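Student: 3D model of this:
(one chain, ligands or ions: 1)
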Amino acid sequence: MSSLAIENIGLLLTNDPELGDGPLGMVENASIAFEDGLVAEIGPAGSAQADHHVDAGGRCVMPGFVDSHTHLVFAGDRAREFAARMAGEPYSAGGIRVTTDSTRAATREELTGLTEGRRREAIRAGITHTEIKSGYGLDVPSELCCLEVAAEFTDDVTFLGAHVVPSEFEGRADDYVDLVCGEMLAACAPHSRWIDVFCEVGAFDRDQSRRVLEAGREAGLGLRVHGNQLGPGPGVQLAVEMGAASVDHCTYLEDADLEALASGSTVATFLPATDFSTRQPYPDARRAIDAGVEVAVATNTNPGSSNTTAMGFCLALAVRDMGMTIDEAVRAATVGGATALGRSDIGRLTPGARADAVLLNAASHADFVYRPGVPLVDATFIAGQLCS
Ligand code: NIG
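Tutor: Just a heads-up that it's a prediction; the model follows:
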């Protein structure tokens, strides 16, 4: 494999405080070399040895975003539901069933094509690694199909059979949980790294969620939870108690939730574009960070509550409306996402890490917030290869 160097970098973010200034490990006037898909070397501008060179022209290079929460495999859209919401209707978990109908009706080839298009869009937004959940199949063959499609795009595949109770099980949630924990899990576990459950009013209660997580753990899967999205609830504390890698949404955090998070190892993953799109209040990330909670920011790309791959937009919201500093938000969407996925090989530009980087059309990462909505990613490198 050939090597590649990015030269003449005005500002390089490494996410390693030992390599540069502050938590982002910022190095000015730098170069970085990639070899065999990994970061080989970081040095002063002009020093990198490689077969091919890219001139950054004094601009910023940073780790690619690690998007630790997406639902990229789905068919159909819910634009009308969104428009009604903007006109005052509340968001409800029940909309998931609408996407389930369209997803079940799609062929595997259609789902692959749709997912590929979304993944391409995300790469252009600087997302070099993504987690992908199932959750719009909700029967054994459809969930399996969605997971197989997801696995074409990532090794962080999450089984979310417990997304909502499908209409054919209306009024029989416990029977559906039996299916999820039995035949569905047996079929899906070999294709997944993680199991997730939507612990919320309108989806699954604490006991049902616990059953799903216990069954997933028994099958060898890592744990993730959707919790405290639409109101205060048991999701966060259940996630911490069960040692989940991440609890996602965390829109409603009470003191006891913060205490649990600060005392455990579960990452609180904020999804600001979801609070934007569902008109929920923004959570107070400042309070969580000050309480010592490990945080991540992700897009939650899905057709119902967050139809965007724009991580830059998420950063702008996290800073403007959730109280993060710009550096905290960038860290949360890179190394924070990696931690939420239990990975140390991505989310940082340090020797030996996967060479996942973005070259910005900007002198600084601050422009994601300072120039919201502007497409700032000039080039995305995944495992040392230029992808867009
Ligand atoms: O993470 N909260 C549950 N699941 C998705 C929403 C899915 C939908 O509305 O289609 C989420 O927001």
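Student: and the helices in the stretch 51-200 of the chain?
Tutor: 79-86, 96-105, 108-124, 140-151, 173-179, 185-188 (DSSP state H, counting those that start in this stretch).
Student: let me fix that: the stretch 251-388 of the chain
Tutor: 255-263, 272-278, 285-290, 311-322, 326-332, 335-340, 367-370.
Student: tell me the most buried of these?
Tutor: Most buried of the helices of the stretch 251-388 of the chain by mean neighbour count (mean count of other Cβ atoms under 10 Å) is helix 335-340; its value is a mean of 27. Quick note: C-beta positions are derived from backbone N, CA and C, even for glycine.
Student: for L360, find the nearest of the helices of the stretch 251-388 of the chain.
Tutor: For L360, the closest of those is helix 367-370, at 7.0 Å, according to Cβ to Cβ.
Student: reformat the helices of the stretch 51-200 of the chain as CSV; add mean pLDDT, mean neighbour count and distance to R211.
Tutor: Below are these laid out as CSV (pLDDT from 0 to 100; neighbours: other Cβ atoms under 10 Å; distance: least, Cβ to Cβ, whole Å):
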stretch, mean pLDDT, mean neighbour count, distance to R211
helix 79-86, 95, 14, 30
helix 96-105, 97, 19, 20
helix 108-124, 98, 17, 28
helix 140-151, 98, 22, 17
helix 173-179, 98, 17, 6
helix 185-188, 98, 20, 11
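Student: so for H226, which of these sits nearest?
Tutor: helix 96-105 (10.9 Å).
Student: and that closest one, how far out from the chain's middle?
Tutor: 22 Å (Cα atoms, centre = their mean, to the nearest Å).
Student: give me the nearest residue to the residue in the chain that the ligand sits nearest to, chain neighbours excluded.
Tutor: As assessed by Cβ to the nearest ligand atom, the ligand sits closest to G304 within the chain, at 2.2 Å. Excluding the flanking residues, the one nearest G304 by Cβ to Cβ, 6 or more residues apart in numbering is G95, at 4.6 Å.
Student: counting neighbours, what do you get for that neighbour?
Tutor: Counted with other Cβ atoms under 10 Å, residues neighbouring G95 total 18.
Student: so, low pLDDT: which residues of the protein?
Tutor: Applying pLDDT under 70 to the chain picks out residues 1.
Student: what's near enough to touch the most centrally placed residue in it?
Tutor: With distances taken as Cα atoms, centre = their mean, the residue of the chain nearest its centroid is S68 (2.4 Å). S68 makes contacts with 131, 156, 246, 248, 269, 296, 298, 336-338, 340-341, as judged by Cβ atoms under 8 Å, 6 or more residues apart in numbering.
Student: quick one: the helices of the stretch 251-388 of the chain as TSV, columns for distance to the ligand too.
Tutor: Below are the helices of the stretch 251-388 of the chain laid out as TSV (distance: least, Cβ to the nearest ligand atom, whole Å):
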stretch	distance to the ligand
helix 255-263	17
helix 272-278	5
helix 285-290	17
helix 311-322	13
helix 326-332	17
helix 335-340	14
helix 367-370	22
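Student: name the helices or strands packed onto the host helix or strand of R211?
Tutor: Assigned by DSSP states H and E, R211 falls within helix 206-218. Judged by 3 or more Cβ pairs under 8 Å, 6 or more residues apart in numbering; DSSP states H and E, helix 206-218 is in contact with strand 157-162, helix 173-179, strand 194-199, strand 222-227, helix 235-241.
Student: spell out which parts of the stretch 1-150 of the chain neighbour the ligand.
Tutor: Contacts of the stretch 1-150 of the chain with the ligand, taken as Cβ under 6 Å from any ligand atom, map to 95-96, 99.
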